[in-house]
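Peer 1: generate a structure from the sequence data that follows.
(chains A and B)
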2 protein chains.
Amino acid sequence: MFYGIKNVNHSIKMLLIRLLNKHDIINQNIFSMFLRRIKFIFSLLIVFSIFSCSTNSTSEDKTLDPLPSWNKGSTKSAIIEFVNDVTNPQSVNFIEVADRIATFDNDGNLWSEQPFYFQLFFAIDMVKKMAPDHPEWKSQEPFKSLLENDMQEFAKFGEHGILEVVMATHAGVTTEEFEIIVQDWLATAKHPRFNKSFTDLVYQPMLELLDYLRANGFKTFIVSGGGIEFMRPWVEEVYGIPKDQVVGSSIKTRFVIEDGKPVIERLPEIDFIDDKEGKPIGINKFIGRKPVFASGNSDGDLAMLQYTASGEGRRFMLYLHHTDEVREWAYDRDSHIGRLNKGLDEAAEKGWTVIDMKNDWKVIYPFELNQK
Amino acid sequence: MFYGIKNVNHSIKMLLIRLLNKHDIINQNIFSMFLRRIKFIFSLLIVFSIFSCSTNSTSEDKTLDPLPSWNKGSTKSAIIEFVNDVTNPQSVNFIEVADRIATFDNDGNLWSEQPFYFQLFFAIDMVKKMAPDHPEWKSQEPFKSLLENDMQEFAKFGEHGILEVVMATHAGVTTEEFEIIVQDWLATAKHPRFNKSFTDLVYQPMLELLDYLRANGFKTFIVSGGGIEFMRPWVEEVYGIPKDQVVGSSIKTRFVIEDGKPVIERLPEIDFIDDKEGKPIGINKFIGRKPVFASGNSDGDLAMLQYTASGEGRRFMLYLHHTDEVREWAYDRDSHIGRLNKGLDEAAEKGWTVIDMKNDWKVIYPFELNQK
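Peer 2: Sure thing, here's the model as predicted:
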């Protein structure tokens, strides 16, 4: 662009000289005076042009606060200092754009996960919706307790119970049908504590962090234990993360021609669990590159953070510590969900950054901004 | 940008009027004449400014040939007409940027695949390199025939033989070690027919097609039966396709802490075969969106093209037909590798575009450009 404007400046000068000389209507002095004025005007014009052309660049944005919902403090400073350092070509810690891979856990890290994973709310609603076609569920656990709204009883069946419910409710349809089912559910379902849509319960400070990283050339990925096809229908709109940048747990599928139309059918069989040691494996499989920035909130994210930390050069490992029982929830070492125990010790030991939700975040959810 | 320039135009006019009036050095006629000239100059300047500001946009590129290595003809016209149509916001066939997913098979589609898959050249070289540590291979098939350079004998073991060789040579190392092994091999290995590096045997017209699609907002992906970790070390540099936009076959891995360092170990066990019906499954798993443009060269790509064709709205299905036995190879219905039989029939029946390599392509490989 700058080259273009220099050329324009030169071309215009030549053109002016030719036009003015050709008609010879004024003497040399008047011409000189005009040329000076016009040069001055062109200088202004160049300044204006540069300004008008560079509105998409980040240069002037740096004077604004890129993380307005984060309180001043060591967490916010650490993030900004890291980004400034690794994007500075003069720094020894400079990271090429292609290597700027940032991975984020989803449940309890980009949106809430209490009183239990939002995907389980979905599965429970599906069980109730599908129950008329499954009379056997009335007497068959873990469906029986769910249909009776007895979550304490349901919890006794543990991971296996959740898995059984997920298999019964997430399979047996095509991928396109499943996407619509998820979208329809999200459009009406409400979280019991806040009476808000589940996608309203995303963290405003994390939305800003995602934007900030992307504005600095990072490619942002979700790496979640949640179902990949449960997340894809909405993450693009809510987080600005494209569907192909979502790594998650999955069930098997098969390709079939149904009434002459090729479809992908969802099968009631686990394909991949993207949790704990599964996270680095999923990152390697889907992304093929070690992240330089990893963000999580539980021991299920520890392997991802360890894997990220093992890379050469500067890296950023970020844990979100749920410390706000008033605005969100407070839980860590003994939580039945999103337990953060080993991770908290390792973060302290290795100097990883830990977000103190209560003190580091001005607001939790985007809807709080409108209430202010 | 346009808003900026309009403002600049207005500001400059006001400034000129103020400057000229203030000094009152010329009469109204001369002023009017000057103002007309200066207006004319500003008009030119605006045109220049728009031109100089928009060097990154595609507007003026359309006057250049985006596919210079493609001969004029129905294939080239069909591609360009499709891209112009679906990127035109006024067209009923307009496709949003987020939906502009283009998938490309690799072997025989972006680079050659004869006399056999290049990954098999790699595996054979690895067998020879690893042979001193495996004295049993001297008498154990399929390794024995490979070590004796008896490819006819090796071929008798079919897919199973290839699989056994791949497992023996692609596993037992970490992902980082494997990446270096692939890079080292590519740096020295030569294709026997051309005595060129294997990455020199990519198709120049397809490189242009990838660039052309990307310049028009398409996200380009590889969807190949080849090993995902065999492709990732070089596709970024060679095709401009990021590592996370590669879908391929894979073996299982596990996450382990080795000497205090977390690594991902490659296991001799198939995880996923990204071929035939596996391709739409891989696309759904890794990309999560149905492509609008799919390009392949064999029956192994047919399911991918069928899946792409099944989407709503305008789609582009492209087959590469190997018809040039002089510059490359000619093969289709009876080929032992890259067989194109059913696909050729279905392309004719459904009106998909088929590249006639011999007649549609001016050059095959990039190195031919330097020879011209």
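Peer 1: tell me which residues in stretch A:263-282 are buried?
Peer 2: Neighbour-count burial for stretch A:263-282, counted by 16 or more other Cβ atoms under 10 Å in any protein chain shown, picks out A:263-266, A:272-282. (Glycine included, C-beta is placed from N, CA and C.)
Peer 1: tell me the pLDDT at A:F178?
Peer 2: Confidence at A:F178, expressed as pLDDT, is 97.
Peer 1: whoops, I mixed them up, A:A155
Peer 2: On pLDDT, A:A155 comes in at 89.
Peer 1: looking at strand pairing, list the partners for A:D356.
Peer 2: A:H321 (DSSP bridges).
Peer 1: go through the buried residues of stretch A:263-282 and flag which are in helices.
Peer 2: A:278-282 (DSSP state H).
Peer 1: tell me who's in contact with whichever residue of the stretch 101-250 of chain A sits closest to chain B.
Peer 2: Residue nearest to chain B within the stretch 101-250 of chain A: A:K243 (3.7 Å; Cβ to the nearest Cβ). By Cβ atoms under 8 Å, 6 or more residues apart in numbering or on different chains, A:K243 lies in contact with A:232, A:235-236, B:287-289.
Peer 1: what's the answer for A:N106, then?
Peer 2: A:222, A:224, A:226, A:231, A:235, A:248.
Peer 1: distance-wise, check the most centrally placed residue in chain A relative to B:I241.
Peer 2: Per Cα atoms, centre = their mean, the C-alpha nearest to the average position across chain A is that of A:Y239, at 4.7 Å. Taking Cβ to Cβ, to the nearest Å as the measure, A:Y239 and B:I241 are separated by 24 Å.
Peer 1: name the nearest residue to the residue nearest to the centre of chain A, ignoring sequence neighbours.
Peer 2: Leaving out its chain neighbours, the residue that sits closest to A:Y239 by Cβ to Cβ, 6 or more residues apart in numbering or on different chains is A:L210, at 5.9 Å.
Peer 1: secondary structure element holding that neighbour?
Peer 2: helix A:204-215 (DSSP states H and E).
Peer 1: next one: that helix to chain centre, how far?
Peer 2: 7 Å (Cα atoms, centre = their mean, to the nearest Å).
Peer 1: following element in sequence after it, please.
Peer 2: Counting by DSSP H and E, the element after helix A:204-215 in chain order, helix or strand, is strand A:219-227.
Peer 1: relative to helix A:204-215, how tilted is that following strand?
Peer 2: Orientation of strand A:219-227 against helix A:204-215 (axes from the mean of the first three to the mean of the last three Cα atoms, to 10 degrees) gives an angle of 140 degrees.
Peer 1: packing partners for strand A:219-227?
Peer 2: The contact analysis (3 or more Cβ pairs under 8 Å, 6 or more residues apart in numbering or on different chains; DSSP states H and E) places strand A:219-227 against strand A:101-104, helix A:204-215, helix A:228-239, strand A:246-258, helix A:278-286.
Peer 1: of the ones you listed, which approaches A:A78 most closely?
Peer 2: For these, proximity to A:A78 was assessed by Cβ to Cβ; helix A:204-215 is nearest, at 11.9 Å.
Peer 1: which parts of the helix or strand harbouring A:A348 are buried?
Peer 2: According to DSSP H and E, A:A348 maps onto helix A:342-350. Residues of helix A:342-350 classed as buried: A:343-344, A:346-347 (neighbour count, 16+ other Cβ under 10 Å).
Peer 1: contacting residues around it?
Peer 2: Residues contacting helix A:342-350 (Cβ under 8 Å, 6+ apart): A:296, A:298-299, A:301-302, A:305-306, A:309, A:317, A:319, A:321, A:332-333, A:352-354.
Peer 1: so which of those residues wins on neighbours?
Peer 2: If you count neighbours using other Cβ atoms under 10 Å in any protein chain shown, the busiest of the contacts of helix A:342-350 is A:D301, which has 31 neighbours.
Peer 1: show me the contacts for the residue lying closest to that residue once chain neighbours are set aside.
Peer 2: Excluding its sequence neighbours, the residue lying closest to A:D301 (Cβ to Cβ, 6+ apart) is A:D105, at 4.9 Å. If you count contacts by Cβ under 8 Å, 6+ apart, A:D105 has them with A:222-225, A:295-298, A:300-301, A:304.
Peer 1: just those residues now: which is nearest A:Q90?
Peer 2: Closest to A:Q90, out of all of the contacts of A:D105 and judged by Cβ to Cβ, is A:S295, at 26.6 Å.
Peer 1: surely that closest one and A:F104 touch.
Peer 2: Yes - if you go by Cβ atoms under 8 Å, A:S295 and A:F104 touch, sitting 4.8 Å apart.
Peer 1: what is in contact with the two at once?
Peer 2: With Cβ under 8 Å, 6+ apart, A:S295 and A:F104 have common neighbours A:M206.
Peer 1: reformat the helices and strands packed on strand A:219-227 as CSV; add mean pLDDT.
Peer 2: Shown next, in CSV, are those (pLDDT from 0 to 100):
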stretch, mean pLDDT
strand A:101-104, 98
helix A:204-215, 98
helix A:228-239, 97
strand A:246-258, 96
helix A:278-286, 98
